[in-house]
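Trainee: next one to model:
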Amino acid sequence: MVMASSMSLKLACVVVLCLVAGVNLSQGAITTCGQITSALAPCIAYLRGNGAGSVPGNCCSGIKSLNSAAQTTADRQASCSCVKTVAGTVSGINLSLASSIAGKCGVNIPYKISPKIDCNSVK
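Mentor: Here you go, the predicted structure:
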């Protein structure tokens, strides 16, 4: 059970990571992992739930701004690394919701969301 929720958390964070890998905060480069974490924090309650209802607007706003912010490969790879690191600290994430949240927010992510993603392969 503990292992499953740890994996869920990691996958959810990787999902967020992939979302962030397409990141750009207020049309500027991503500068800190804290910015990424703050932008995605509104998504955590939804990702811990059962998927009833729509994704919170502030969650989608964070995903969209991160997607816009990641202008370069370096930005996307740094975002990926941040999300992977932070993923290990969040528990109870619904992996199914995590894998679909970007699409529900109207953001297309061109890679598979997985806790095993190699951030160096993110372009």
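
Trainee: helices and strands around the helix or strand residue 85 falls within, which ones?
Mentor: Using DSSP states H and E, residue 85 maps to helix 73-87. Here helix 73-87 touches helix 2-20, helix 33-40, going by 3 or more CB pairs under 8 Å, 6 or more residues apart in numbering; DSSP states H and E. Backbone N, C-alpha and C define where each C-beta goes, glycine included.

Trainee: comparing these, which yields the minimum mean pLDDT?
Mentor: Of all the helices and strands packed on helix 73-87, helix 2-20 carries the lowest average pLDDT, namely a mean of 46.

Trainee: contacting residues for residue 96?
Mentor: By CB atoms under 8 Å, 6 or more residues apart in numbering, the contact set of residue 96 is residue 51.

Trainee: hang on, residue 90 in a strand?
Mentor: No: per DSSP: H, G, I helix; E, B strand; the rest coil, residue 90 lies outside any strand segment and is coil.

Trainee: any figure for the gap between it and residue 47?
Mentor: Residue 90 sits 8 Å away from residue 47, going by CB to CB, to the nearest Å.

Trainee: ok, these two, which is more surrounded?
Mentor: Higher neighbour count among residue 90 and residue 47: residue 47, with 26 against 21, using other CB atoms under 10 Å.

Trainee: now do the helix holding residue 85, average pLDDT.
Mentor: The model assigns helix 73-87 a mean pLDDT of 82.

Trainee: can you give me the buried ones in the helix or strand following it?
Mentor: Scanning forward in sequence from helix 73-87 by DSSP H and E, the next helix or strand is helix 95-104. Along helix 95-104, these residues count as buried under the neighbour rule (16 or more other CB atoms under 10 Å): 95, 97-99, 101-102.

Trainee: swap in stretch 60-79?
Mentor: Neighbour-count burial for stretch 60-79, counted by 16+ other CB under 10 Å, picks out 60, 62-70, 75-79.

Trainee: ok, now stretch 83-91?
Mentor: Buried residues in stretch 83-91, counted by 16+ other CB under 10 Å: 83-84, 86-87, 90.

Trainee: just the C-alphas of the helix holding residue 85, formatted as CSV.
Mentor: The C-alpha trace of helix 73-87 is given here as CSV (Å, rounded to 0.1, in the frame of the first residue of the first chain):
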residue,chain,number,x,y,z
THR,A,73,14.9,22.7,-23.8
ALA,A,74,16.9,23.7,-20.7
ASP,A,75,13.7,25.2,-19.2
ARG,A,76,11.8,22.0,-19.9
GLN,A,77,14.5,19.7,-18.6
ALA,A,78,14.9,21.8,-15.4
SER,A,79,11.1,21.7,-14.9
CYS,A,80,11.1,18.0,-15.4
SER,A,81,13.8,17.5,-12.8
CYS,A,82,12.0,19.8,-10.3
VAL,A,83,8.7,17.9,-10.7
LYS,A,84,10.5,14.5,-10.3
THR,A,85,12.2,15.7,-7.1
VAL,A,86,9.0,17.2,-5.6
ALA,A,87,6.9,14.2,-6.6
